[in-house]
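Colleague: Quick one, fold the following:
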Amino acid sequence: MAQLLLYRALAANPERFAEHAVEIVLEDDRRLRCGYNSDDYWVTRELLQAISPKLSEESFARLEEKLIGWAPEWERRAQARRYRGSAELRLLGGLDRERLSEAGHRRMQELGRKLGGEQPESPQGIIAGGVSSPIPLDAARHMSDEQWLAAIGKHRQEWHEKRDLSLVGGAEELAATFEQLAKEQPDRFARLGLRIGPDTPTAYVERLLLALSQPQEDVESASDEAIFTLVRHVASGSDPPGARWVGPLVATRAEEEIPEDVLGIVAATAAHADPEEDLWATEAPSGGAWYGGDPWSHGMNSVRGSAAEAIGRLVFVRQERVDQLLDAVRALVADPVAAVRTCAAEALGGLMRWERSLAADLAVELVDTDDRAVAARPVVDLLAAYIPTDWPMVEPTVERLLASEHESARRAGAVLACLAALQEPGAADLLERCLTHEDEEVREATAGVLSANLSGARYAATCADGLKRLFGDESPKVRQAATRSFWHMRRQELGEFEELVRALLSSRGLAEGRSQLMHALETSTAEVADLVVELAEKMLENVEGLGDIRTTAAGDAKKLSELLIRVLGDTRDHPALRAQALDVLDRLVAAGAWGVVDAMESVER
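Modeller: Numbering: from 1, shown residues only. Below is the predicted model:
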């Protein structure tokens with residue numbers, strides 16, 4: 001706001017402030033951006049319109065030289081290439097046209113041809129509502145192929161480019177309708193796609209490929225021939241639209257015979273220019289990191305990343321595809337963009353089925369990248385698969401992750417370390433290190449691994465011993481993670497872990513774990529009446545607010561009351577335990593615990 005007010009003031013008196021204003025504008029690239037929600041550069045443009053006729057020749061030349069070819073960071077990214085030059089057009093167009101150099105005039109003409117005109121529309125006010133397709137879905141269902149081609153030719157602009165006050169959408173909104181119908185009639189629309197020309201807005205091709213790559217179970221899919229012909233058609237251009245969806249689409253036919261040229265097209269997408277950089281590691285214009293700082297999310301939403309995932313599926317299904325796709329796998333493993341490597345792990349997962357040793361060697365190269373990318377789930381899953389057979393290969397990476405400066409990497413290191421401790425005798429000491437690690441993130445991840453593996457007979461004792469220790473951890477987050485082990489118990493399992501239940505009942509972790517424990521008690525088919533009574537006694541001793549419905553304690557009291565009523569029905573042949581349950585119910589009533597009276601009245605009724 002301060003910059004906007006300053007620019008307004010400078011523009012109001014250009015005779016006096018023109019030279020001062022140009023120094024401010026040229027001071028920093030951030031000074032070029034000043035405008036509104038609908039146009040980030042409009043106020044700067046208005047300032048340039050006011051001062052450029054009053055500038056000295058030298059100052060005007062400096063300003064023009066700065067603006068020719070200038071683009072904000074987001075326009076320089078691959079995803080924004082279609083909009084590249086928009087900011088430059090607005091700013092360069094704010095200069096006095098009569099004073100522009102020949103290079104300036106030439107650049108304005110180039111930008112005008114690319115962006116649909118040299119004069120941008122003025123900013124609009126805020127418009128509320130949903131943007132709808134220019135052709136409603138019900139009407140679109142009755143359109144012929146010829147009508148569709150005509151509609152695609154007509155609706156080429158995006159809604160935000162139309163610059164009118166209507167909420168009738170453009171290419172993107174109609175493409176969404178196109179996508180829906182392609183899901184309903186895949187073979188027809190796959191063949192219709194062959195008639196879409198190279199100058200068609202990319203939204204239509206992308207949506208078509210997306211629809212065909214996500215077939216509906218209740219609809220007969222397009223034929224293999226139709227899919228492969230469409231892929232060839234789309235890939236025939238120098239920069240094919242929808243390249244991100246080519247691999248996933250072909251991978252839907254992984255079980256079928258796929259022509260070599262089509263596999264070659266998938267391999268070619270693995271060498272696509274997108275992504276150009278690790279966008280996830282950079283700040284987005286709106287604040288925070290792109291893709292939430294998640295390299296895997298970035299990778300799977302890029303062309304090379306999606307190609308890597310598709311190649312993994314294609315190779316896993318058919319061994320004979322290894323030779324043709326191996327070079328692409330090698331390139332993906334060595335990709336300079338860490339986000340792509342997270343997806344390359346899935347390609348190695350496919351290769352691992354047929355060439356385990358080769359995939360292991362490539363995995364060593366794969367993890368030579370940012371720790372946060374190594375912490376991505378596909379990479380962790382790949383390394384975990386090698387622990388039982390190739391622990392010496394995995395161990396250095398685990399040690400590196402545990403010592404990383406990044407929280408996500410330390411968590412991943414803990415997961416792999418605990419899995420190794422359970423499976424590999426030579427790594428048993430790693431569990432102790434994780435249980436006593438100074439970082440609560442490591443201990444929390446350790447609790448998650450132990451909880452997930454508790455039900456496995458081979459690891460039950462080790463996991464239970466570790467969880468007992470974590471029930472008393474100083475961190476509530478760690479205690480919470482440890483008690484989740486009870487949430488996953490089924491039927492008879494709780495009866496097999498009475499010692500673990502009693503360890504929780506006597507620990508500080510009961511505060512975080514009582515809801516999970518009650519869920520396990522409720523769903524268990526084992527004899528757990530004594531455990532229910534012990535839990536009730538512990539809650540009466542240690543939990544406040546059992547009658548305050550604003551607290552979770554009140555909700556737990558209601559659930560506990562229902563469990564105690566069930567105990568009364570299960571202990572008719574155990575008078576001592578039944579008497580304990582009745583005594584606890586009386587004490588809950590006296591404490592004003594929520595739901596107790598209702599539970600008792602329901603039995604009487």
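Colleague: residue contacts, L115?
Modeller: 85-86, 89 (C-beta atoms under 8 Å, 6 or more residues apart in numbering). (C-beta placed from N, C-alpha, C; glycine too.)
Colleague: Take those residues and keep only those in helices.
Modeller: Counting by DSSP state H, those place 86, 89 in helices.
Colleague: May I see the contacts of L115 organised as CSV, with pLDDT, distance to P240 and neighbour count added?
Modeller: CSV is the format used below for those (pLDDT from 0 to 100; distance: C-beta to C-beta, whole Å; neighbours: other C-beta atoms under 10 Å):
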residue, pLDDT, distance to P240, neighbour count
G85, 84, 22, 20
S86, 87, 24, 21
L89, 89, 27, 24
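Colleague: Just want the most central residue of this protein.
Modeller: S297 (4.3 Å; C-alpha atoms, centre = their mean).
Colleague: Then that one would be within a strand, right?
Modeller: No. S297: not assigned to a strand; according to DSSP: H, G, I helix; E, B strand; the rest coil it is helix.
Colleague: out of the contacts of L115, who's nearest R508?
Modeller: Of all those, S86 has the smallest distance to R508: 58.3 Å, by C-beta to C-beta.
Colleague: residues contacting the closest one?
Modeller: Counted by C-beta under 8 Å, 6+ apart, S86 has contacts 75, 115, 120.
Colleague: Could you give the number of residues near the nearest residue to L416 once chain neighbours are set aside?
Modeller: Spatial nearest neighbour of L416, excluding adjacent residues (C-beta to C-beta, 6 or more residues apart in numbering): V398 at 4.7 Å. Neighbour count of V398, defined by other C-beta atoms under 10 Å: 23.
Colleague: Against E441, how distant is V398?
Modeller: 15 Å (C-beta to C-beta, to the nearest Å).
Colleague: likewise V246?
Modeller: Where E441 is concerned, V246 sits at a distance of 39 Å (C-beta to C-beta).
Colleague: How about H105?
Modeller: Distance from H105 to E441, by C-beta to C-beta: 58 Å.
Colleague: more neighbours, the two?
Modeller: Neighbour count, other C-beta under 10 Å: between H105 and E441, E441 has more, with 19 against 12.
Colleague: and that one, what is it in contact with?
Modeller: With C-beta under 8 Å, 6+ apart, E441 has these contacts: 407, 410-411, 414.
Colleague: Could you list the low-pLDDT ranges of this structure?
Modeller: Under the criterion pLDDT under 70, the flagged ranges of the chain are 78-80, 124-128, 160-165, 491, 602-605.
Colleague: Residue ranges of each domain in it, please.
Modeller: Per the record, the chain has its domains at 2-115, 527-605, by automatic domain parsing.
Colleague: The stretch 351-500 of the chain: helices as residue ranges?
Modeller: For the stretch 351-500 of the chain, applying DSSP state H, counting those that start in this stretch gives helices covering 356-366, 371-374, 377-402, 407-423, 429-435, 440-453, 460-471, 476-483, 493-496, 498-505.
Colleague: So which bits of the fifth one are buried?
Modeller: In terms of neighbour count (16 or more other C-beta atoms under 10 Å), helix 429-435 has its buried residues at 430-431, 434-435.
Colleague: and it, what does it pack onto?
Modeller: Helices and strands touching helix 429-435, as assessed by 3 or more C-beta pairs under 8 Å, 6 or more residues apart in numbering; DSSP states H and E, comprise helix 407-423, helix 440-453, helix 460-471.
Colleague: Need the three-state assignment for L194.
Modeller: helix.
Colleague: List the residues that contact it.
Modeller: 229-230, 233.
Colleague: would you turn these into a markdown table with neighbour count, secondary structure and distance to V22?
Modeller: Converted to a markdown table, the contacts of L194 look like this (neighbours: other C-beta atoms under 10 Å; DSSP: H, G, I helix; E, B strand; the rest coil; distance: C-beta to C-beta, whole Å):
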| residue | neighbour count | secondary structure | distance to V22 |
| --- | --- | --- | --- |
| T229 | 17 | helix | 57 |
| L230 | 24 | helix | 53 |
| H233 | 17 | helix | 51 |
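Colleague: just the residues you listed now: which is nearest A190?
Modeller: The closest of the contacts of L194, once distances to A190 are taken by C-beta to C-beta, is L230, at 5.0 Å.
Colleague: Tell me which residues touch E537, please.
Modeller: Counting by C-beta under 8 Å, 6+ apart, E537 has contacts V584.
Colleague: if we can go back for a sec, to Q49, which of the helices of the stretch 351-500 of the chain lies closest?
Modeller: helix 371-374 (45.6 Å).
Colleague: For the closest one, output the C-alpha coordinates as CSV.
Modeller: Only the C-alpha atoms of helix 371-374 are listed here, as CSV (Å, rounded to 0.1, in the frame of the first residue of the first chain):
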residue,chain,number,x,y,z
ASP,A,371,18.2,-34.9,1.9
ARG,A,372,14.5,-33.8,1.7
ALA,A,373,14.2,-35.6,-1.7
VAL,A,374,15.7,-38.8,-0.2
